[in-house]
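Asker: Sequence and computational prediction follow.
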Amino acid sequence: MFAQLGSTFGSLFIVWTMFQRFFPLHLQTYVDKYLKRLVKFFDPYIQIKFYEYSSDRFRRSEAYIAIENYLSSKSTEQAKRLKGDSVKQGQSIVLNMDNEEEVLDEFRGVKLFWSKMEALTRSQTISYYPTSGKMYYKLSFHSRYRESVTKSYLKYILEEGKAIGARNRQKKLYTNNSNDDRYGHSRRWSHVVFEHPASFDTLAMDPKKKKEIIDDLVTFHQSKEYYARIGKAWKRGYLLYGPPGTGKSTMIAAIANFLNYDIYDLELTAVKDNTDLRKLLIETSSKSIIVIEDIDCSLDLTGQRKTKPKKEENKVEVCPIKKKADEENESKSSKDESKNSKVTLSGLLNFIDGIWSASGGERLIIFTTNYVEKLDEALIRRGRMDKHIELSYCDFEGFKVLAKNYLNIDSHPSFETIGSLLEESNITPADVAENLMPKTTMGDSETCLDNLIQALKAAKEEAMKKKAEDEEKLKLKADKGLQEEEKLGGS
Ligand SMILES: Nc1ncnc2c1ncn2[C@@H]1O[C@H](COP(=O)(O)OP(=O)(O)OP(=O)(O)O)[C@@H](O)[C@H]1O
């Protein structure tokens, strides 16, 4: 009889949760209070809540995200009010139940009731029409299935939800902000969908070096158990160095596409202090690349925060990730200049080594610099930056990749001339790419290759002029030294 009564009250309560939104808030609170008491007394139903944010408020709960993914198809079939979101380059729309909707699931003959709810914050309870609070999914089921649900069903939906999430996954490019959102949730990262087309196929660099990097990435990606066995955090550090326009940012994009990882573009000059840095790191998800570009400009080795100097005016086309980040950061740095805050070298080293980088695992940390010689040994020693990759001026192999990318050609009579000119001049892949890009819709390969030959000749001339100037300077220095020696000898 008690079970029957409980079941009736339980059903009544479920019906109430569905319709309570049609009543004024003070009535909702009143009915809720007494109905809950009755239900508690007789109710054979068990409830489990899954909040969107864990108690630390730093991260969206993995369980919540998995449940959201899992319930998506059921919501599409059952819920009357849905929310839509596009995934995978905007090619498809995923639907999810709206707040206060309910869907039914069945697992091995057990009926499970899911509802999406919003817990009102204190300040919002005075309003009749609340706007937004703490979101959660609520699962209700009969107590006789407690074991089956807690032991098997929850495990099942977590796995299913994660698999669905992986299938729908869009890569994201995150940039750091300094403030929390208006509900006090930490929103230190904001993101856009990452759709850069770079790949290792389109990257101009020595094929042997390229293969070595790809092999390293594959090994890392497949080494979860290995890292667990040796007791190390599942992370790997890459240092990319070389002159501007040699493809450092492009390589990061190619790595993200290759591994299907998100990118966290960390602008150190917008980080308040070491604590802020740790918080930012905690919020990064696994399967991600944490990038600090131009590390030499971001951190002073005495530990003071630096304001990034404006980049030299450069004729190269800037990689889109970098351009966006640069634009955002320039405005951020100017806003932050007044703040009295700093990230220190030791804070950064802790960030790389510490337990913070272990939470979640599967992370690449990439630093880029144009001036590797300026960096502190401690920062780039193996173990921290496991792989040092030099990106350099364009050679013939690199040129062939770019000719294929931009002109779709594998050979041409001009290739020989270009090959020998490349050996005699220092020209970046960005400059080569710029010349190979047709300037008008009528532009043909012939014109582009001619443009490149002219640019290479100019670069060669400049290189020769510089060499002559350097030699002259050296000679002058040597003569001066000789004169001084003679003077000293005379006296
Ligand atoms: N190795 C390369 N392979 C293919 N394209 C390249 C390469 N290097 C440069 N490019 C082209 O030049 C543009 C600028 O390159 P990128 O921003 O990757 O250089 P960078 O080394 O990161 O420069 P900086 O040091 O100024 O940040 C890219 O958008 C790309 O079109």
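Answerer: Cool, got the structure.
Asker: Phe176 touches Leu266, doesn't it?
Answerer: Careful, residue 176 is Asn and not Phe. Yes. With contact defined as CB atoms under 8 Å, Asn176 reaches Leu266; the gap is 5.9 Å. (C-beta placed from N, C-alpha, C; glycine too.)
Asker: hey, what's in contact with both of the two?
Answerer: Leu280 (CB atoms under 8 Å, 6 or more residues apart in numbering).
Asker: Tell me the residues of the stretch 351-491 of the chain that contact the ligand?
Answerer: With the criterion set to CB under 6 Å from any ligand atom, the stretch 351-491 of the chain comes near the ligand through 370, 391, 429-430, 433.
Asker: Name the member of those that has the highest neighbour count.
Answerer: Pro429 (25 neighbours; other CB atoms under 10 Å).
Asker: what's near enough to touch it?
Answerer: Going by CB under 8 Å, 6+ apart, Pro429 touches 204, 245-247, 393-394, 398, 402.
Asker: Please flag which of the residues you listed sit within helices.
Answerer: In this view, the contacts of Pro429 that belong to helices under DSSP state H are 398, 402.
Asker: Next, format the contacts of Pro429 as CSV and append pLDDT and neighbour count.
Answerer: Formatted as CSV, those follow (pLDDT from 0 to 100; neighbours: other CB atoms under 10 Å):
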residue, pLDDT, neighbour count
Ala204, 95, 25
Gly245, 95, 26
Thr246, 96, 25
Gly247, 96, 25
Tyr393, 95, 18
Cys394, 95, 26
Gly398, 95, 24
Leu402, 95, 21
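Asker: and which of the contacts of Pro429 is nearest the ligand?
Answerer: Gly247 (2.6 Å; CB to the nearest ligand atom).
Asker: Just to check, that closest one is in contact with Asp206?
Answerer: No. Assessed by CB under 8 Å, Gly247 is found out of contact with Asp206, at 11.7 Å.
Asker: How many neighbouring residues does the spatially closest residue to Pro207 that is not a sequence neighbour have?
Answerer: Excluding the flanking residues, the one nearest Pro207 by CB to CB, 6 or more residues apart in numbering is Glu397, at 6.2 Å. Applying other CB under 10 Å, we find 16 residues neighbouring Glu397.
Asker: from memory Glu397 sits against Asp206, does it?
Answerer: Yes. Counting by CB under 8 Å, Glu397 touches Asp206, with 5.8 Å between them.
Asker: who touches both of the two?
Answerer: Contacts common to Glu397 and Asp206, judged by CB under 8 Å, 6+ apart, are absent.
Asker: same question for the host helix or strand of Phe367, mean pLDDT?
Answerer: Following DSSP states H and E, the helix or strand that holds Phe367 is strand 363-369. Average pLDDT, strand 363-369: 93.
Asker: One more: stretch 27-40?
Answerer: If you average the pLDDT over stretch 27-40, you get 76.
Asker: Check stretch 413-433 too.
Answerer: Taken as a whole, stretch 413-433 has a mean pLDDT of 93.
Asker: how close does the residue nearest to Pro207 get to the ligand?
Answerer: 11 Å (CB to the nearest ligand atom, to the nearest Å).
Asker: do the same with Glu52
Answerer: For Glu52, the distance to the ligand (CB to the nearest ligand atom) stands at 37 Å.
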